[in-house]
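> next one to model:
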Amino acid sequence: MKNVNFFKASMIALCGAALTLTSCGGSCPAGQNGDSTAVKTTDMKKAPYQKKYTNADFYDAQGNFKQDVAKEAFLDMFAYYGVPFTPLMEKDIWFTDFGLGDFENVGMGGIFWINDSTYGYFAHSIYLLPGQMIPEHKHVKTAFPAKQESWMVDKGWVYNFSEVGEPTEGADALIPASQKESTVSKNYVKQNLGEVLTLKAPESWHFMMAGPEGAIVWEFANYHDNAGLRFTKPGAAL
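Next up, the predicted model:
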């Protein structure tokens, strides 16, 4: 009788173990299937985007700006950030080195989604490769009011510079060598993903520069009249 009871108890234990393995799909945590090693999952964080192109890629032997390589560089960044390259972008996107011959450090890509002079509104996407700066500039009054801007960082982050405010420590070290002599904006903040900032004063000098991961920034403003655009760097032009 004792042997029968022992047999029944053994069978119950075996059935219980089988049910446990079945319910766990054969991958139970430690202590449930006799395996002392728990199944672990690792959350692999995506590596930050990095600079891949230099001026040697962006200019030919005669110093001509290679638009196709600029486009290639931005498409690579768009792919990293999951930004679809739409037919409208294909048609209207532009890339410029502002005639300064230093696209690795000074330039941008962009698209004007809307620039309506009748109703006075403007929407713009700013595309900046890692470490790339927009030349310092301001918008003055023309037949239209001076452009007033706000910016929201959609991808990456930027240094947002202004002539308004006391100089920020380390500002000179951030400004590309080709722009140091002409740049007057020395007050800056780091504008992070999702943050919104507004131009501190109408007709004030300002610029932004991407961090080492590049950046995509949305700009909202009143009508952009290119006749009102001014640069501190001699020879710069949009």
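> tell me the bridge partners for the spatially most central residue of the chain.
Compute the mean C-alpha point of the chain, and by CA atoms, centre = their mean the closest residue is Ala215, 2.4 Å away. Here Ala215 sits in beta bridges with Leu128, Gly156, as judged by DSSP bridges.
> let me know the pLDDT of the closest residue to Ile216 other than its chain neighbours.
With CB to CB, 6 or more residues apart in numbering as the criterion, Ile216 has its nearest non-adjacent residue at 3.9 Å, and that residue is Lys155. Using the backbone N, CA and C atoms, a C-beta is placed for each residue, glycine as well. Note for Lys155: predicted pLDDT of 98.
> Phe74 - that's part of a helix, no?
Yes - assignment of Phe74 by DSSP: H, G, I helix; E, B strand; the rest coil places it within a helix.
> which element, helix or strand, includes the nearest residue to Pro135 once chain neighbours are set aside?
Leaving aside its sequence neighbours, Pro135 sits nearest to Ala236 (CB to CB, 6+ apart; 4.6 Å). Under DSSP states H and E, no helix or strand contains Ala236.
> which residues in this structure form strands?
94-96, 108-116, 121-128, 137-139, 149-162, 187-191, 196-198, 206-221, 229-231 (DSSP state E).
> orientation of the third one relative to strand 206-221 in degrees?
When you say that, I think you mean strand 121-128. Angle of strand 121-128 versus strand 206-221, following axes from the mean of the first three to the mean of the last three CA atoms, to 10 degrees, is 140 degrees.
> again, but for the second one
Between the direction of strand 108-116 and that of strand 206-221, the angle (the same axes, to 10 degrees) works out to 40 degrees.
> which secondary structure elements does strand 108-116 contact?
Applying 3 or more CB pairs under 8 Å, 6 or more residues apart in numbering; DSSP states H and E, one finds that strand 108-116 contacts helix 67-81, helix 87-92, strand 94-96, strand 121-128.
> partner strands of it, parallel or antiparallel?
strand 94-96 (antiparallel), strand 121-128 (antiparallel).
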